[in-house]
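1. Need coordinates for the below:
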Amino acid sequence: MLLISTPFVALARSQSRILGMPALPVAVLPHPIAGTPIETVIAKLDAAFDEIVARLASPLADESASAGRSVEQGAWLDIAAADEWTDLQQAFVDRGWSDGLPFVPPTEQRVAAMQRHAGMPPDRVLGAVPPKMGAATLEKIAANAVMAGCRPEHLPIVLAAVDAMLAPAFNLYGLQTTTHCVAPLLVVNGPLAGALKVHAGNNLFGPGPWANGVIGRAIRLVLLNLGGGKPGEIDKATMGHPGKYTFCIAENEAVSPWPGLRADRGFGAEVSTVTVIGAEAPHNINDHESTTARGVLKMITGTMAQTGQNNVYYAGEPLLILCPEHAATVASEGLSKDDVKRILYEEARVPLHCFSAENIERRMLRKFPERYKDRPLDTPVTIAQCWEDMMVIVAGGPGKHSMYVPTFGGTRSVTRAVLHSDGRPWLASELGA
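-> Numbers count the residues shown, from 1 in each chain. Predicted structure coming up:
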């Protein structure tokens, strides 16, 4: 049976149905549970004890034995609407198929035109998108790309990103259902980034670039419509962040003093890649005064050493986006990217005494006793398990503002090459970009 608190009833019912157990018993406790004194939790359990016993003792309905887990296939629908921009928009909103912004209606003709740039057979299925487990067919991904405003040449990037998100290491199920604010951040590298004008310069995360906006939005619509990530029902984020509308950038490899992220992941110069990262909103690092590598890195590590981020609890792969000017200052003294990552790992640490006594007792000691039991309060807490897990890229425009992007912790970034189904890299000339 499931034991949950009140805000998660819809999520529990949905998941038990999707996993083939629609009659799975559920006992509900009053919210909240986390962050409350243990005496309060025990009192809630005592009050629910009889219900828990009764549900455990009751036989499951026959539907639980016969229901099977299935991957939704779906079909084309004819929706009666007077026009595309009023009635049809509202019809999609009413069905929960919209991110709240106006969209391009995904007609059969538009979707067919989009699919011509897929580089894969039309019946290809990339997998099932959790937690709803909707089938990530080429047609459905193309339909969501149309809705987002993508051009056909954007589709190979979208497909590679979806494929990356479905990798088990990315833990998309966790990203879709957590109360954390996480959203998938896409980082595009290689020739296609420039050809498709995926922006890597000034106002990096801001409005303007078509490719960044629509590619990132297509991913959100896939998560909503195929994965069922409807806010408040399946998507339980307490706050969320603006990147949950669209969250896509390119690395500015042309100005970086080091090899880019795709080289870090073992891909050659002719290959374009997409990396998906389970990321929080970016945090600005303003340093217009430091003139040395150590000075810049001291400001950066001080900003990265935060108590409230998931990385101090669950490690993961924290991301530093160095602006070109900060990167040039750091590299001018001969530091490699690996040198920078080692410094970040060693110096971006939070002393144990910066955490509340409750956090130390209930999280640090309970979950990581081997690390913190009987340790002094000046013990430094790392934000990654090893220096290799620190991620560093170069992007942004003129000025001395870099950005720190904390990550979800319970996820690993995944990089996919943008390839045809036969393994050939997509070329800009093939996309008509």
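2. can we go C-alpha only for contacts and neighbour counts from here?
-> OK.
3. Confirm that L297 sits in a helix.
-> Yes: when the secondary structure is assigned by DSSP: H, G, I helix; E, B strand; the rest coil, L297 falls within a helix.
4. ok, now which ones touch it?
-> Residues near L297 by CA atoms under 8 Å, 6 or more residues apart in numbering: 330, 343-344.
5. between the residues you listed, which is nearest M390?
-> For the contacts of L297, the closest approach to M390 (CA to CA) belongs to L344, at 7.4 Å.
6. picking that back up, just the ones in helices from the contacts of L297, please.
-> Secondary structure of these is defined by DSSP state H; positions in helices are 330, 343-344.
7. Pipe the contacts of L297 into TSV and attach neighbour count, pLDDT and distance to P351 per row.
-> What follows is the contacts of L297, written out as TSV (neighbours: other CA atoms under 10 Å; pLDDT from 0 to 100; distance: CA to CA, whole Å):
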residue	neighbour count	pLDDT	distance to P351
V330	23	99	26
I343	17	99	17
L344	27	99	15
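8. Export the helix or strand where A12 lies to PDB, keeping only CA atoms.
-> Counting by DSSP states H and E, the element that carries A12 is helix 9-18. Provided in PDB are the C-alpha atoms of helix 9-18 (Å, rounded to 0.1, in the frame of the first residue of the first chain):
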ATOM      1  CA  VAL A   9      -3.200  11.900  -3.700                       C
ATOM      2  CA  ALA A  10      -3.600  12.600  -7.400                       C
ATOM      3  CA  LEU A  11       0.000  11.600  -8.100                       C
ATOM      4  CA  ALA A  12      -0.400   8.400  -6.100                       C
ATOM      5  CA  ARG A  13      -3.600   7.400  -7.900                       C
ATOM      6  CA  SER A  14      -2.100   8.300 -11.300                       C
ATOM      7  CA  GLN A  15       1.000   6.200 -10.800                       C
ATOM      8  CA  SER A  16      -0.700   3.200  -9.300                       C
ATOM      9  CA  ARG A  17      -3.000   3.200 -12.400                       C
ATOM     10  CA  ILE A  18      -0.100   3.600 -14.900                       C
END
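9. Let me see the domain layout of this protein.
-> 2-66, 85-273 (automatic domain parsing).
10. of all these, which lies closest to L419?
-> When the domains of the chain are ranked by distance to L419, counting by CA to CA, first place goes to domain 85-273 at 7.6 Å.
11. what is the mean pLDDT for the closest one?
-> Averaged across domain 85-273, the pLDDT comes to 96.
12. Endpoints of that domain, how far apart?
-> Terminal residues of domain 85-273 lie 35 Å apart, using CA to CA, to the nearest Å.
13. Correct me if wrong: I157 contacts L419.
-> No: I157 lies out of contact with L419 (CA atoms under 8 Å); the separation is 9.2 Å.
14. Looking at the two, which has the bigger crowd around it?
-> Comparing I157 with L419 by neighbour count (other CA atoms under 10 Å), the higher total belongs to I157, at 26 against 21.
15. Once you drop chain neighbours, what's closest to that one?
-> V418 (6.3 Å; CA to CA, 6 or more residues apart in numbering).
16. Next up, the contacts around the residue nearest in space to the middle of the chain.
-> Of all residues in the chain, the one closest to the mean position by CA atoms, centre = their mean is P184, 2.2 Å from it. Contacts were defined as CA under 8 Å, 6+ apart; by that measure P184 touches 244, 247, 276-279.
17. from the residues you listed, which ones fall inside strands?
-> 276-279 (DSSP state E).
18. my guess is D378 meets Y372, correct?
-> No: in this structure, D378 sits apart from Y372 without contact. The criterion is CA under 8 Å, and the distance is 10.8 Å.
19. Looking at these two, which one has more neighbours?
-> Between D378 and Y372, Y372 has the larger neighbour count (other CA under 10 Å), namely 19 against 11.
20. Assign V274 to helix, strand or coil.
-> Here V274 takes the strand state, with states given by three-state DSSP.
21. if I pick it, what's in contact with it?
-> Taking CA under 8 Å, 6+ apart as the definition, contacts of V274 comprise 157, 160-161, 164, 186-189, 415-418.
22. Distance of the residue lying closest to it once chain neighbours are set aside relative to I249?
-> Across the structure, with CA to CA, 6+ apart as the measure, the residue nearest V274 apart from its sequence neighbours is V188 (4.6 Å). In this structure, V188 and I249 are 6 Å apart, going by CA to CA.
23. Which neighbours do the two have in common?
-> Taking CA under 8 Å, 6+ apart as the contact criterion, the residues that touch both V188 and I249 are V198.
24. the more surrounded of the two?
-> When V188 and I249 are compared on other CA under 10 Å, the one with more neighbours turns out to be V188, at 31 against 28.
25. Check which residues of the top helix by length along the chain are buried.
-> Taking DSSP H as the criterion, the chain has its longest helix at helix 38-57. Neighbour counts over helix 38-57 (16 or more other CA atoms under 10 Å) mark 41, 44-45, 48, 52 as buried.
26. Make TSV from the residues you listed and add distance to A395 and pLDDT to it.
-> What follows is the buried residues of helix 38-57, written out as TSV (distance: CA to CA, whole Å; pLDDT from 0 to 100):
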residue	distance to A395	pLDDT
V41	47	85
K44	50	83
L45	51	86
A48	53	84
I52	54	84
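27. now, which of those sits nearest V28?
-> A48 (7.8 Å).
28. quick one: the closest one and L29 touch, right?
-> Yes: under the contact definition of CA under 8 Å, A48 touches L29, with a separation of 7.0 Å.
29. shared neighbours, those two?
-> When contacts are counted by CA under 8 Å, 6+ apart, the set common to A48 and L29 is empty.
30. What lies in contact with stretch 305-314?
-> Outside stretch 305-314, the residues that reach it (CA under 8 Å, 6+ apart) are 317-318, 348-350, 354-355, 363-364, 381-384, 406-410.
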